[in-house]
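# Here you go, sequence then predicted model.
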Amino acid sequence: MHTDEYEISIAREVKHCEQVVEKIEKKLKQRRQHFGCDYPEAAAAAGGHLAIDEREMARWRDDVEALPIWQQRLAEYRQALAVMRISASRFE
């Protein structure tokens, strides 16, 4: 069953996920530029030549772990929206 409300809701979820993925990617890029490395290298060097606050490392780790989850969610919503639009076109 297809209704405009379902399609609108899923489209909103797609937009939200896109915004979250973009925000996380931006933060990861900023950290990469600021510290000159990615999280795995920073984690290995923590306490050594890189002086990174523990809270910053925790936020960085959280973002690294969250990104693939949000990307997967985005892909699922995009797929659901595509299926919904295909099914809607059959009734036109």
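All right, it came through fine.

# need the next SSE after the host helix or strand of Q19, C-terminal direction.
With secondary structure defined by DSSP states H and E, Q19 is part of helix 4-35. Following helix 4-35 in sequence order, the next helix or strand is helix 39-45 (DSSP H and E).

# mind listing what's buried in that following helix?
Within helix 39-45, the residues that count as buried by 16 or more other Cβ atoms under 10 Å are Y39, A42, A43. In this view, the C-beta of every residue, glycine as well, is placed from N, C-alpha and C.

# Mind giving me the packing neighbours of that helix?
helix 4-35, helix 54-90 (3 or more Cβ pairs under 8 Å, 6 or more residues apart in numbering; DSSP states H and E).

# Reformat those helices into JSON lines and put mean pLDDT next to each item.
Listed next are those as JSON lines, based on pLDDT from 0 to 100:
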{"stretch": "helix 4-35", "mean pLDDT": "95"}
{"stretch": "helix 54-90", "mean pLDDT": "91"}
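
# could those helices be laid out in JSON lines, adding mean neighbour count?
As requested, the helices and strands packed on helix 39-45 are arranged in JSON lines below (neighbours: other Cβ atoms under 10 Å):
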{"stretch": "helix 4-35", "mean neighbour count": "14"}
{"stretch": "helix 54-90", "mean neighbour count": "14"}
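
# State the distance spanning the first to the last residue of stretch 34-45.
15 Å (Cα to Cα, to the nearest Å).

# Residues contacting it, please?
L28, R31, R32, L50, I52, M57, W60, R61, V64 (Cβ atoms under 8 Å, 6 or more residues apart in numbering).

# Okay, the third one and Y39: tell me how far apart.
I take that to be R32. Remark: distance between R32 and Y39 (Cβ to Cβ, to the nearest Å) = 8 Å.

# which among the contacts of stretch 34-45 gets closest to C17?
Distance to C17 across the contacts of stretch 34-45 (Cβ to Cβ) is lowest for L28, with 16.3 Å.

# Right, I'll call it a day here.
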